[in-house]
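In: the sequence isn't on hand, but the structure is:
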């Protein structure tokens with residue numbers, strides 16, 4: 001009776017595992033490519049999985065057939081006849097796997113060459129009314145527990161990237177969400193300020209480690225406008241699972257409009273509450289954060305191990321915060337005030353961090369009045385995205 005129950009439990013576990021692996025509309029779906037690089041990976045993976053499945057069926061089926069045909073019912077004590085080798089079979093089961101693996105290796109090398117190669121695809125942009133040529137490149141920097149994206153519109157050639165904790169000023173700095181134009185190959189330079197992380201946007205490419213002291217090249221390209229979700233895939237501490245990111249792909253003309261907004265400094269607050277909030281920012285937040293036009297010229301880095309905290313100049317143009325785990329806006333487009341206030345009230349309670357070890361945002365001890373004023377000031381930093389973007393980038 002116990003054996004039957006055990007077998008039935010194993011069967012149910014197998015069915016549950018199979019069903020749980022099936023999902024529609026999954027954010028991190030590596031089998032739903034949305035760009036040429038991810039399609040190259042998918043074009044390799046699909047036939048390899050098919051071959052592996054056929055091999056599995058042959059081996060498992062052959063093993064099951066032998067077991068069924070030659071199983072011993074223990075009706076007598078006669079020892080079964082032993083077979084000692086078959087030269088032709090041994091050649092066959094050595095040669096066939098060798099040929100299969102050789103074929104897979106050839107196509108793997110071709111795919112690796114494709115996904116690691118880069119094209120010259122200079123695009124025209126306008127910056128402060130001046131036409132420039134930009135080779136799409138983004139510097140990607142990981143730190144506990146969020147991603148930073150830095151845009152150098154004059155190109156990364158000649159930019160000193162040897163010390164990720166002390167990088168030269170960039171034209172645009174954002175966090176959590178990387179904005180790119182569609183139909184353009186975006187070259188990424190990936191590094192880290194503290195421990196090893198791994199950048200993974202499965203719809204656009206595979207993963208690439210972010211290693212301190214090393215700059216790793218990678219690339220992405222999106223066919224269509226949309227939002228492509230990602231996740232850090234190298235264990236990096238307490239909030240590794242809460243280190244998320246998104247790629248927001250736009251038509252080139254919309255990307256140009258985004259550039260125009262992002263290069264502008266922060267607006268001056270106009271209400272009494274937001275002015276008081278700016279004072280709170282200048283007294284407490286400047287020890288880590290930067291707002292262009294406020295403390296970008298005087299900042300010497302963040303009081304953190306990584307020496308960096310999210311740039312807040314255009315905070316409200318982003319739809320997530322705290323490493324991509326909270327929505328900045330409600331579904332109706334209004335500010336997610338409750339969550340933002342909770343974050344300012346006690347960040348370590350909202351997202352596990354080692355704040356006492358200068359890793360992650362600490363509890364600043366703000367009173368409720370300071371929180372209200374600071375939220376009023378933060379609301380002035382950047383232009384709210386469209387309701388469509390808010391809906392597409394919503395996280396659970």
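Out: Alright, I've got the coordinates. Treat the numbers as computed from the prediction; the structure is a model and nothing was measured.
In: alpha carbons only for contacts and neighbour counts from here, please
Out: OK.
In: who touches stretch 270-285?
Out: 269, 364, 370-378, 380 (C-alpha atoms under 8 Å, 6 or more residues apart in numbering).
In: run the last query once more with 10 Å
Out: Stretch 270-285 is contacted from outside by 268-269, 286-287, 289-291, 294-295, 302, 309, 364, 366, 369-380, using C-alpha atoms under 10 Å, 6 or more residues apart in numbering.
In: same check, this time on stretch 162-169
Out: Contacts for stretch 162-169 (C-alpha under 10 Å, 6+ apart): 141-143, 150-152, 159-161, 190-194, 212-215, 296-297, 300-302, 305-308.
In: from these, keep the buried residues only.
Out: 141-143, 150-152, 161, 190-194, 212-215, 296, 301-302, 306-308 (16 or more other C-alpha atoms under 10 Å).
In: return the subset of the residues you listed lying in helices.
Out: Within the buried ones among the contacts of stretch 162-169, no residue falls in helices by DSSP state H.
In: elements contacting the one helix or strand residue 245 maps to?
Out: Using DSSP states H and E, residue 245 maps to strand 244-250. Applying 3 or more C-alpha pairs under 10 Å, 6 or more residues apart in numbering; DSSP states H and E, we find strand 244-250 packed against strand 146-151, strand 177-181, strand 197-200, strand 226-231, helix 252-262, strand 320-321.
In: quickly list the domain ranges of the chain.
Out: Annotated domains of the chain cover 30-57+92-117, 136-396 [automatic domain parsing].
In: dump those domains into JSON lines; add distance to residue 127 as well.
Out: Putting these into JSON lines (distance: least, C-alpha to C-alpha, whole Å) gives the following:
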{"stretch": "domain 30-57+92-117", "distance to residue 127": "28"}
{"stretch": "domain 136-396", "distance to residue 127": "7"}
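In: nearest to residue 65, out of the ones you listed?
Out: domain 30-57+92-117 (11.4 Å; C-alpha to C-alpha).
In: how far is the closest one from where the chain is centred?
Out: Counting by C-alpha atoms, centre = their mean, to the nearest Å, domain 30-57+92-117 is centred 24 Å from the centre of its parent chain.
In: still on that earlier bit, JSON lines please, covering the domains of the chain and showing mean pLDDT.
Out: Shown next, in JSON lines, are the domains of the chain (pLDDT from 0 to 100):
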{"stretch": "domain 30-57+92-117", "mean pLDDT": "92"}
{"stretch": "domain 136-396", "mean pLDDT": "95"}
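In: need the residue closest to the centroid of this protein.
Out: Per C-alpha atoms, centre = their mean, the C-alpha nearest to the average position across the chain is that of residue 230, at 3.0 Å.
In: residue boundaries of the helices in the stretch 1-150 of the chain?
Out: Secondary structure of the stretch 1-150 of the chain (DSSP state H, counting those that start in this stretch): helices at 2-20, 36-70, 87-116.
In: indicate which one of these is closest to residue 264.
Out: helix 36-70 (33.0 Å).
In: touching, residue 339 and residue 327? I think so.
Out: Yes. At 8.1 Å, residue 339 counts as touching residue 327 under the criterion of C-alpha atoms under 10 Å.
In: residue 317 and residue 241, how far apart?
Out: Counting by C-alpha to C-alpha, to the nearest Å, the separation of residue 317 from residue 241 is 24 Å.
In: the more surrounded of these two?
Out: Ranked by neighbour count (other C-alpha atoms under 10 Å), residue 317 and residue 241 place residue 317 first, with 22 against 15.
In: residues contacting that one?
Out: 174, 177, 258, 261-262, 328, 379, 381-386, 390.
In: do residue 68 as well
Out: Contacts of residue 68 by C-alpha under 10 Å, 6+ apart are residue 62.
In: what of residue 179?
Out: Residue 179 touches 138, 149, 227, 246-250, 255, 258-259, counting by C-alpha under 10 Å, 6+ apart.
In: before we move on, what about residue 89?
Out: residue 95.
In: if I look at it, what pLDDT would I see?
Out: Listed pLDDT for residue 89 reads 84.
In: do the same with residue 25
Out: 67.
In: ranges for the helices of the stretch 251-396 of the chain?
Out: 252-262, 272-284, 337-345, 347-350, 368-378, 387-392.
In: export those to TSV and tack on mean neighbour count and distance to residue 53?
Out: Shown next, in TSV, are these (neighbours: other C-alpha atoms under 10 Å; distance: least, C-alpha to C-alpha, whole Å):
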stretch	mean neighbour count	distance to residue 53
helix 252-262	16	42
helix 272-284	17	58
helix 337-345	17	47
helix 347-350	16	44
helix 368-378	19	54
helix 387-392	15	36
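In: who's the nearest residue to residue 324 once chain neighbours are set aside bridged to?
Out: Counting by C-alpha to C-alpha, 6 or more residues apart in numbering, residue 244 is the residue found nearest to residue 324 once chain neighbours are left out, at 5.0 Å. For residue 244, the beta-bridge partners are residue 231 (DSSP bridges).
In: burial count for residue 244?
Out: Count around residue 244 with other C-alpha under 10 Å applied: 27.
In: of the domains of the chain, which is nearest residue 69?
Out: Taking C-alpha to C-alpha, domain 30-57+92-117 is the member of these nearest to residue 69, at 17.4 Å.
In: ends of that closest one, how far apart?
Out: So domain 30-57+92-117: terminal residues 21 Å apart, C-alpha to C-alpha.
In: residue 356 against residue 364, yeah?
Out: No. Contact criterion C-alpha under 10 Å: residue 356 and residue 364 do not qualify, at 11.8 Å.
In: just to revisit the earlier point, quick check: the residue nearest to residue 324 vs residue 44, distance?
Out: 27 Å.
In: likewise for residue 171?
Out: 38 Å.
In: for residue 36, give me its contacts.
Out: 42, 114-115, 183, 185, 203-205, 220-223.
In: among these, which ones are in helices?
Out: 42, 114-115.
In: now residue 42, nearest residue through space, not along the chain?
Out: residue 31 (6.6 Å).
In: number of nearby residues for the one you found?
Out: For residue 31, using other C-alpha under 10 Å, the count is 15.
In: surely it meets residue 49?
Out: No. The criterion here is C-alpha under 10 Å, and residue 31 misses it with residue 49 at 11.7 Å.
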